[in-house]
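Q: next comes the sequence, and after it the predicted model I'd like to discuss.
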Amino acid sequence: MDDLMMVGELPVEKQSVKKEVFLPRDESVQEPLNKTEDVTGSYFLFSFQGDYPILNVPQEKWLEMYDMDITPYLDNIDYKNVDYLSWSHAWRLLKIHFPTYQIYWERDWKSGGRFYFMDNDSPYILAYVGCVETGARSLPIYFPILDLKMKATKGNPDGVLLNKNLFRAATKAIALTTGIGLRLWTREDLDNTAKVELIARIRAAGDQYREKSGQDHPAIKEATLGCTESELKAIGKKVVNDIKDLTPTSA
């Protein structure tokens, strides 16, 4: 069964609002627009002032979901030694604990109703959770479309890449709204802390290289959070070795 059909279509995306709204980034729009005519779901409401109640899971329930042991549902990427909660398990847990909740995506009706938006040349998804009984919905989460190396992409994604990212975004929307699996992102933040430290050391080495050579080391720009720790260590080693090459040896 097609994934999009299984999850369902947005029940309230065509609703009309008469509110002050912010349109998706548009170079022709310099400030918020005061719309007096009807505005449909073709516009993403950055001000979150649409005619719908905000979905809010009670704190006690949210904390229960956050503390829930999801170890039996985790999969592992062997070559990265990374645990993750697949979208199918996240969906199953959502329907067990919140049977009236569904996953939805904002659609860019200005571009034919596609399931992603463009920020300059960078595609991104806006996913959220909604309740089919009350019409309440969570605030959408911003999710850049990532490639197989988990790096942000440029240009329009193909169908396969879009499908993968729609459900990655859905899993994160479930986590933020209900607490299910959110602990995994806490671990992700800890991993990023180690990367930040490595990047800081690389940039410090880059400063030394610039002082000795009078120019920036070309590898410095490659040191980003999108790299693995191994890649960052390799970049750092290259910079340090190149500094040594610049240092004259004593006769």
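A: Arrived safely, thanks for sending. This one's a predicted model, so the numbers in the text were calculated from it and none came from an experiment.

Q: show me where the stretch 151-251 of the chain has helices.
A: In the stretch 151-251 of the chain, the helices defined using DSSP state H, counting those that start in this stretch lie at 159-178, 183-213, 229-246.

Q: and the first one, what does it pack onto?
A: If you count contacts as 3 or more Cβ pairs under 8 Å, 6 or more residues apart in numbering; DSSP states H and E, helix 159-178 packs onto helix 3-7, helix 87-97, strand 101-105, strand 122-131, strand 141-144, helix 183-213. The way it works is simple: take the backbone N, C-alpha and C, and place the C-beta from them, glycine included.

Q: out of the ones you listed, which is closest to residue 52?
A: Proximity to residue 52 (Cβ to Cβ) singles out strand 122-131 among the helices and strands packed on helix 159-178, at 8.4 Å.

Q: one step back: the helices of the stretch 151-251 of the chain: lowest mean pLDDT?
A: If you rank the helices of the stretch 151-251 of the chain by mean pLDDT, helix 183-213 sits at the bottom with a mean of 74.

Q: got any ranges where the stretch 1-150 of the chain has weak pLDDT?
A: Low-confidence segments of the stretch 1-150 of the chain (pLDDT under 70): 1-51, 76-82.

Q: quick one, strands of it?
A: Along the stretch 1-150 of the chain, the stretches classed as strands by DSSP state E, counting those that start in this stretch are 20-21, 33-34, 74-77, 82-85, 101-105, 117-119, 122-131, 141-144.

Q: list the buried residues in the longest one.
A: Of the residues in strand 122-131, those buried under the neighbour-count criterion (16 or more other Cβ atoms under 10 Å) are 123, 124, 125, 126, 127, 128, 129, 130, 131.

Q: do you know how far the nearest residue to the last one once chain neighbours are set aside is from residue 135?
A: Right, the one you point to is residue 131. Among residues not flanking residue 131 along the chain, residue 100 sits closest, at 5.3 Å (Cβ to Cβ, 6 or more residues apart in numbering). Distance of residue 100 to residue 135, computed by Cβ to Cβ, to the nearest Å: 11 Å.

Q: these two: which is more packed in?
A: Higher neighbour count among residue 100 and residue 135: residue 135, with 14 against 11, using other Cβ atoms under 10 Å.

Q: my guess is the more buried one contacts residue 52, does it?
A: Yes - counting by Cβ atoms under 8 Å, residue 135 touches residue 52, with 5.6 Å between them.

Q: returning to what we had before: redo the strands of the stretch 1-150 of the chain as JSON lines? Include distance to residue 60.
A: Converted to JSON lines, the strands of the stretch 1-150 of the chain look like this (distance: least, Cβ to Cβ, whole Å):
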{"stretch": "strand 20-21", "distance to residue 60": "34"}
{"stretch": "strand 33-34", "distance to residue 60": "40"}
{"stretch": "strand 74-77", "distance to residue 60": "25"}
{"stretch": "strand 82-85", "distance to residue 60": "22"}
{"stretch": "strand 101-105", "distance to residue 60": "17"}
{"stretch": "strand 117-119", "distance to residue 60": "35"}
{"stretch": "strand 122-131", "distance to residue 60": "18"}
{"stretch": "strand 141-144", "distance to residue 60": "23"}
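
Q: residue 93: which of the ones you listed is closest?
A: strand 82-85 (8.3 Å).
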